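Trainee: Return a 3D structure for these sequence lines:
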Amino acid sequence: MREYFKTEESRLHRVVCNCCGRELKVENGYLKEECISVDQTFGYFSAKDGQRHRFDICEGCYDKWLQNFVIPVEECEENELL
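Mentor: Modelled structure (predicted):
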């Protein structure tokens, strides 16, 4: 879950993991640790037609989530990190 400063919509104020509730580190409007951000709008052929779901998951919860996958995620090395 992301919160932005009311006076500056684009400046990040706070990020909380939707899974464990832990507040992630934010400094000067920038997230200072990794998390997974999901922003999904469900379309036709879904029971959630027209709904938009947004959430953030910290790296620890993401690792726990992956343990439940039947098919492992594809991993590859990136040379350039932005």
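Trainee: Now for this structure, the helix or strand with the poorest mean pLDDT.
Mentor: Lowest on mean pLDDT, DSSP states H and E among the helices and strands of the chain sits strand 2-4, with a mean of 77.
Trainee: all helices of this structure, in order?
Mentor: Taking DSSP state H as the criterion, the chain contains helices spanning 59-66.
Trainee: Any stretches of it with poor pLDDT?
Mentor: 8-9, 82 (pLDDT under 70).
Trainee: residue closest to the middle of it?
Mentor: Nearest to the mean C-alpha position of the chain, by Cα atoms, centre = their mean, lies residue 37 at 2.0 Å.
Trainee: Chain neighbours aside, what residue packs nearest to that residue?
Mentor: Excluding its sequence neighbours, the residue lying closest to residue 37 (Cβ to Cβ, 6 or more residues apart in numbering) is residue 56, at 5.2 Å. (Glycine included, C-beta is placed from N, CA and C.)
Trainee: what do you get for residue 10?
Mentor: residue 4 (7.0 Å).
Trainee: ok, now which ones touch that neighbour?
Mentor: Neighbouring residues of residue 4 by Cβ atoms under 8 Å, 6 or more residues apart in numbering: 10-13.
Trainee: of the residues you listed, buried ones?
Mentor: For the contacts of residue 4, a burial check counting by 16 or more other Cβ atoms under 10 Å picks out residue 12.
Trainee: Out of the contacts of residue 4, which comes closest to residue 78?
Mentor: Set against residue 78, the nearest of the contacts of residue 4 by Cβ to Cβ is residue 12 (23.2 Å).
Trainee: Excluding covalently adjacent residues, which one is nearest to that closest one?
Mentor: residue 29 (4.9 Å).
Trainee: What's the separation between the one you found and residue 67?
Mentor: Residue 29 is 33 Å from residue 67, where distance means Cβ to Cβ, to the nearest Å.
Trainee: Specify which residue of the two has the higher count of neighbours.
Mentor: residue 29 (12 against 7; other Cβ atoms under 10 Å).
Trainee: hmm, who's touching stretch 34-45?
Mentor: 2, 15, 17, 24, 48-59, 62.
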